[in-house]
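K.L.:
dropping a prediction and its sequence here:
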Amino acid sequence: KAGVTQTPRYLIKTRGQQVTLSCSPISGHRSVSWYQQTPGQGLQFLFEYFSETQRNKGNFPGRFSGRQFSNSRSEMNVSTLELGDSALYLCASSLVAAIPYEQYFGPGTRLTVT
Amino acid sequence: AQKITQTQPGMFVQEKEAVTLDCTYDTSDQSYGLFWYKQPSSGEMIFLIYQGSYDEQNATEGRYSLNFQKARKSANLVISASQLGDSAMYFCAMREAMEYGNKLVFGAGTILRVKS
């Protein structure tokens, strides 16, 4: 079974631009979560999508948004990029109905904002 | 809200020896789950082991075992017979229930270096 895939793996943008990251979950997984990882703040939850609906959102500004498609693939978008948005963005998928709800992570997209 | 504390920023271990990575947690929930993930330099988070709060036995997965002490609120990861490929960042995490679904709350991580 193929794992979680994320594209692109690396991205360099300038301040003020916007960016879209993509995540394809493991086949059959309907829940997709996004996390931001930075040296200063560690791993922080961004949002979770299930059945094309955002179910939960972390404490991030409205510049961070996302969506999920009918095939469970998800995209996240960051508008008006700031230097502090430089981070590793990790996507995770899970089988919602199955305890322990373990999340399987993709390789991440490393975003650098200059 | 849940909180995970990993007090060891970095650890060294000799190849083939065992190592324990510490994790303490704070929660008011009776039902919870604890996870350990490994993150190599490539960035991908690899699931290692899970312990449920009602599990009576400590979880084990190959060379990984979880020393779960509920009264002390600790969930330490034990890696036996360390290998060079075990060098990575290790994160302890707890599942936090949200209005719908769950999220993971992570500790700050411990960098493990295995010496030959």
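P.N.:
Right, received. Where do you want to start?
K.L.:
quick check: residues of chain B near chain A?
P.N.:
Counting by Cβ under 8 Å from any Cβ of the partner chain, chain B comes close to chain A at B:33, B:35, B:37, B:42-47, B:50, B:52, B:91, B:95, B:98-109. In short, each C-beta sits where N, CA and C put it, glycine included.
K.L.:
and the helix or strand of chain A with the lowest mean pLDDT, which residues are buried?
P.N.:
Ranked by mean pLDDT, DSSP states H and E, the weakest helix or strand in chain A is strand A:53-57, scoring a mean of 90. Residues A:55, A:56, A:57 are the ones in strand A:53-57 that count as buried (16 or more other Cβ atoms under 10 Å in any protein chain shown).
K.L.:
quickly check: that strand near chain B or not.
P.N.:
Yes - taking Cβ under 8 Å from any Cβ as the criterion, strand A:53-57 and chain B are in contact, through A:55, A:56.
K.L.:
elements contacting that strand?
P.N.:
Under the contact criterion of 3 or more Cβ pairs under 8 Å, 6 or more residues apart in numbering or on different chains; DSSP states H and E, strand A:53-57 touches strand A:42-50, strand A:64-68.
K.L.:
pLDDT weak spots in chain A?
P.N.:
Residue ranges of chain A with pLDDT under 70: A:1, A:96-100.
K.L.:
PyMOL command for the buried members of the residues of chain B next to chain A?
P.N.:
Buried subset of these, written as a PyMOL selection, criterion 16+ other Cβ under 10 Å:
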select buried, chain B and resi 33+35+37+43+44+45+47+50+91+95+101+102+103+104+105+106+107+108+109
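K.L.:
counting by contacts, list what the helix or strand hosting residue B:37 packs against.
P.N.:
Taking DSSP states H and E as the criterion, residue B:37 maps to strand B:33-39. Judged by 3+ Cβ pairs under 8 Å, 6+ apart, the packing partners of strand B:33-39 are strand B:46-52, strand B:64-69, strand B:74-79, strand B:88-97.
K.L.:
packing partners for the lowest-mean-pLDDT helix or strand in chain B?
P.N.:
Ranked by mean pLDDT, DSSP H and E, the weakest helix or strand in chain B is strand B:102-106, scoring a mean of 88. Strand B:102-106 is packed against strand A:31-38, strand A:42-50, strand B:3-5, strand B:88-97, with contacts defined by 3+ Cβ pairs under 8 Å, 6+ apart.
K.L.:
so what are the sheet partners of the longest one and their directions?
P.N.:
Looking at strand B:88-97 with DSSP bridges, its partner strands are strand B:33-39 (antiparallel), strand B:102-106 (antiparallel), strand B:110-115 (antiparallel).
K.L.:
and the residue nearest to the spatial centre of chain A, how far from chain B?
P.N.:
Centroid-nearest residue in chain A, with Cα atoms, centre = their mean: residue A:34, separated by 3.2 Å. Shown here: residue A:34 relative to chain B, a distance of 10 Å by Cβ to the nearest Cβ, to the nearest Å.
K.L.:
show me what contacts that residue?
P.N.:
Going by Cβ atoms under 8 Å, 6 or more residues apart in numbering or on different chains, residue A:34 touches A:23, A:45, A:46, A:47, A:48, A:66, A:74, A:76, A:89, A:90, A:91, A:92.
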